[in-house]
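[1] The sequence and its predicted three-dimensional model are supplied below.
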Amino acid sequence: MFKNILKVIFFPVYLFMLLYAFIQERIAYSIRLKLSLRYTGILLRTVLGAGLIVILVYGGFRIQETVKQDYLEIQKILSTDSRVYFELETYSREHQTPLRIFERGQQTLMATDQNLREYCSEYWLGLAKDQGNIYVSINRDFETAGTSGRMIIFSNIQDEITDILFITRIMLFVFLPSLFLALIAIALSGRGIFEPIREMTQTVKGISEQNLNLRLNVGGSKNELKELALTFNEMMNRIEDQYNRQKQFVSDASHELRTPIAVIQGYAVMLDRWGKNDQAVLQESITAIKNEAGNMQELIDKLLFLARHDNSTLAYQKEEFSLTEMLLEVIKETQIIDSGHQINDELNQEISMFGDRNLMKQACRIFMDNAMKYTPAGGQITVCLSKEGESIAISIKDTGAGMTNEELKHIFDRFYRSDQSRTKDRGGYGLGLAIAKIIILGHNGRITVRSKVGEGSEFIILLS
């Protein structure tokens, strides 16, 4: 029974705590509510401040006029009439303006209201209250008929206070409904302001792997949300582009692996049917399988290289080595396997660099192989090495077929092979230049390409 009574007693407290926790949670997680409360606070302070200023200005002006009028009338009586005290008594009675006059020795000469006789003892900040009226006092020296002293004028400001209270009530009656309407307007405006954010949220929720092309609507918006939407759309463009590249990469890799696997399977079937007793078929199948297995190994090695780079696990074993010596090795090895081109070198100075020798050699071989593929027999390939200040330049130039401007935009894309009609018999998977670019960028370098159709191409590696 006692527990039930306690539950009934504390139930309102429990409800209040739940309501308080709900409001706190909403404030913590709702920008709209935070802004509405902030705007409401600003509005309340503005209304109260404006109302207080109006009341103080109006009341101060009215009280000042009343006190000034009383003072001027009494001053006039003191300066013109010989029957001073009689006239003062009359004015005080007609205008409800009590007076007290005393001489320099503090002796009271006149007091029109005994209740206000005790000066400075029954009012605060110049205000006094007597018989339901409110008075404000001022002190002034006076001199009349050879007598000088001090005068206290108590001006009745009851009417002015009544007017001030009346004006205050009017302002409250006007401001309270206006404030209520303003609060509703603030709440509704908050909904309108955050409507674009809700639309953005719904659009973002709808983005998935199947529809990466969805974008936020930026039409008609000219505020910070437009900048946010544009930034998000740019990010989605990059993500979609990378996702499509990844899909294309997987598709191309699968396509490149499909061909050697199909060849190996075909020769395996041929061996199973005829190769057991036919030495020519057996030898042909073994050779073909070995070649395709080598091609697959080469492709897999390149794919693993790209995968390590994409996963940020590609390691560079950097050391100081002779770049001149490394290029001479590449040229010599190329001359051994290629006798159909004239290879020239312009390596007139000894230049060293700090980097991964094996990877740099791999990159240079890729550029050399690329030059051999696209340079007809009898053409020239020239390798240059120079140094200007702190920069090192490696140039590999050929007199081959050259490339168009459109082809130059894609030569470093993975699995891209320019002009299939010219490259279908040249081999390769379109990964070499992509790998070379990764290696050069990993050495804080950059690649410049110059090419003209029919005149050849020049790859310039700049290392700093």
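    Thanks, I have the structure now. Numbering: from 1, shown residues only.
[2] is it true that residue 376 lies in a helix?
    No: Residue 376: not assigned to a helix; according to DSSP: H, G, I helix; E, B strand; the rest coil it is coil.
[3] What is the burial count for it?
    11 (other C-beta atoms under 10 Å). No exception for glycine: its C-beta is placed from N, CA and C like everyone else's.
[4] pLDDT below threshold where in the stretch 1-150 of the chain?
    1-11, 14, 16, 19-33, 81-83, 104-106, 114-126, 128, 130-132, 144-147 (pLDDT under 70).
[5] one more time with 50, if that's ok
    For the stretch 1-150 of the chain, residues meeting the criterion pLDDT under 50 lie at 117, 119-125.
[6] what do you get for the stretch 301-450 of the chain?
    420-424.
[7] Helices of that one, residue ranges please.
    323-337, 357-374, 405-408, 420-423, 432-442 (DSSP state H, counting those that start in this stretch).
[8] Which one of those helices lies nearest to residue 313?
    Residue 313 lies closest, by C-beta to C-beta, to one member of the helices of the stretch 301-450 of the chain: helix 432-442, at 12.6 Å.
[9] Just the buried positions in that closest one, please.
    With burial defined by 16 or more other C-beta atoms under 10 Å, the residues of helix 432-442 counted as buried are 432, 433, 434, 435, 436, 437, 438, 439, 440, 442.
[10] quick check: angle from that helix to helix 357-374?
    If you take axes from the mean of the first three to the mean of the last three C-alpha atoms, to 10 degrees, helix 432-442 sits at 150 degrees to helix 357-374.
[11] ok, back up a step: report the two of the buried residues of helix 432-442 separated the most.
    432 and 442 (15.7 Å).
[12] ok, the nearest residue to residue 109 once chain neighbours are set aside to residue 88 distance?
    Distances taken as C-beta to C-beta, 6 or more residues apart in numbering put residue 101 closest to residue 109, at 4.7 Å, once the chain neighbours are dropped. Counting by C-beta to C-beta, to the nearest Å, the separation of residue 101 from residue 88 is 8 Å.
[13] Overlap of the contact sets of these two?
    Taking C-beta atoms under 8 Å, 6 or more residues apart in numbering as the contact rule, residue 101 and residue 88 both touch residue 110.
[14] For stretch 209-218, buried residues please.
    215, 216, 218.
[15] if we can go back for a sec, where does the residue nearest to residue 109 sit, in terms of helix or strand?
    strand 99-103 (DSSP states H and E).
[16] What are the structural domain limits within this protein?
    224-310, 319-463 (automatic domain parsing).
[17] Among these, show me which one is buried the most.
    domain 319-463 (a mean of 17; mean count of other C-beta atoms under 10 Å).
[18] And that domain, how far out from the chain middle?
    43 Å (C-alpha atoms, centre = their mean, to the nearest Å).
[19] measure it end to end?
    Counting by C-alpha to C-alpha, to the nearest Å, you get 15 Å between the two ends of domain 319-463.
[20] for this structure, what's the longest strand?
    Ranked by residue count, the top strand of the chain under DSSP state E comes out as strand 133-144.
[21] which stretches of the protein form strands?
    Going by DSSP E, the chain shows strands at 99-103, 108-111, 123-124, 127-130, 133-144, 147-156, 319-322, 342-346, 352-355, 380-388, 391-398, 445-452, 456-463.
[22] Columns distance to residue 250 on top of those, output as a markdown table?
    Shown next, in a markdown table, are the strands of the chain (distance: least, C-beta to C-beta, whole Å):
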| stretch | distance to residue 250 |
| --- | --- |
| strand 99-103 | 105 |
| strand 108-111 | 109 |
| strand 123-124 | 89 |
| strand 127-130 | 90 |
| strand 133-144 | 92 |
| strand 147-156 | 96 |
| strand 319-322 | 36 |
| strand 342-346 | 37 |
| strand 352-355 | 31 |
| strand 380-388 | 35 |
| strand 391-398 | 31 |
| strand 445-452 | 26 |
| strand 456-463 | 28 |
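[23] Tell me, what's the model's pLDDT at the residue nearest to residue 261 when sequence neighbours are not counted?
    Setting aside the residues directly before and after it, residue 261 is nearest to residue 296 in space (C-beta to C-beta, 6+ apart), at 7.5 Å. Per-residue pLDDT puts residue 296 at 84.
[24] do the same with residue 164
    On the pLDDT scale, residue 164 gets 85.
[25] Run a quick neighbour tally on it.
    Counted with other C-beta under 10 Å, residue 164 comes out at 18.
[26] Any figure for the gap between the residue lying closest to it once chain neighbours are set aside and residue 161?
    Nearest-residue entry for residue 164: residue 59, 4.3 Å, with adjacent residues in sequence omitted and distances by C-beta to C-beta, 6+ apart. In this view, residue 59 and residue 161 are 8 Å apart by C-beta to C-beta.
[27] Next: residue 340.
    For residue 340 relative to residue 161 (C-beta to C-beta), the value is 114 Å.
[28] if we can go back for a sec, can you give me the buried ones in the strand holding residue 101?
    99, 100, 101, 102.
[29] Now for residue 110: which residues touch it?
    Contacts of residue 110 (C-beta under 8 Å, 6+ apart): 85, 88, 99, 100, 101.
[30] got JSON lines for these, with distance to residue 325 too?
    Formatted as JSON lines, those follow (distance: C-beta to C-beta, whole Å):
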{"residue": "85", "distance to residue 325": "127"}
{"residue": "88", "distance to residue 325": "123"}
{"residue": "99", "distance to residue 325": "118"}
{"residue": "100", "distance to residue 325": "117"}
{"residue": "101", "distance to residue 325": "120"}
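[31] one step back: and residue 51, which of the domains of the chain is closest to it?
    Taking the domains of the chain one by one with C-beta to C-beta, domain 224-310 is closest: 34.7 Å.
[32] just how off-centre is that closest one within its chain?
    41 Å.
[33] swap in stretch 99-115?
    76 Å.
[34] Output that stretch as PDB, restricted to C-alpha atoms.
    Taking C-alpha atoms only, stretch 99-115 is exported to PDB below (Å, rounded to 0.1, in the frame of the first residue of the first chain):
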ATOM      1  CA  LEU A  99       5.900  71.400  -0.400                       C
ATOM      2  CA  ARG A 100       8.400  71.800   2.400                       C
ATOM      3  CA  ILE A 101      10.400  75.000   2.800                       C
ATOM      4  CA  PHE A 102      13.100  75.400   5.500                       C
ATOM      5  CA  GLU A 103      15.800  78.000   6.100                       C
ATOM      6  CA  ARG A 104      19.500  77.500   6.100                       C
ATOM      7  CA  GLY A 105      19.500  76.500   9.800                       C
ATOM      8  CA  GLN A 106      17.200  73.600   8.900                       C
ATOM      9  CA  GLN A 107      14.200  75.300  10.600                       C
ATOM     10  CA  THR A 108      11.000  74.500   8.800                       C
ATOM     11  CA  LEU A 109       9.300  77.600   7.400                       C
ATOM     12  CA  MET A 110       6.400  75.800   5.700                       C
ATOM     13  CA  ALA A 111       5.100  72.300   5.300                       C
ATOM     14  CA  THR A 112       1.800  71.800   3.300                       C
ATOM     15  CA  ASP A 113       1.600  68.100   4.100                       C
ATOM     16  CA  GLN A 114       2.400  66.700   7.600                       C
ATOM     17  CA  ASN A 115       2.700  63.100   6.300                       C
END
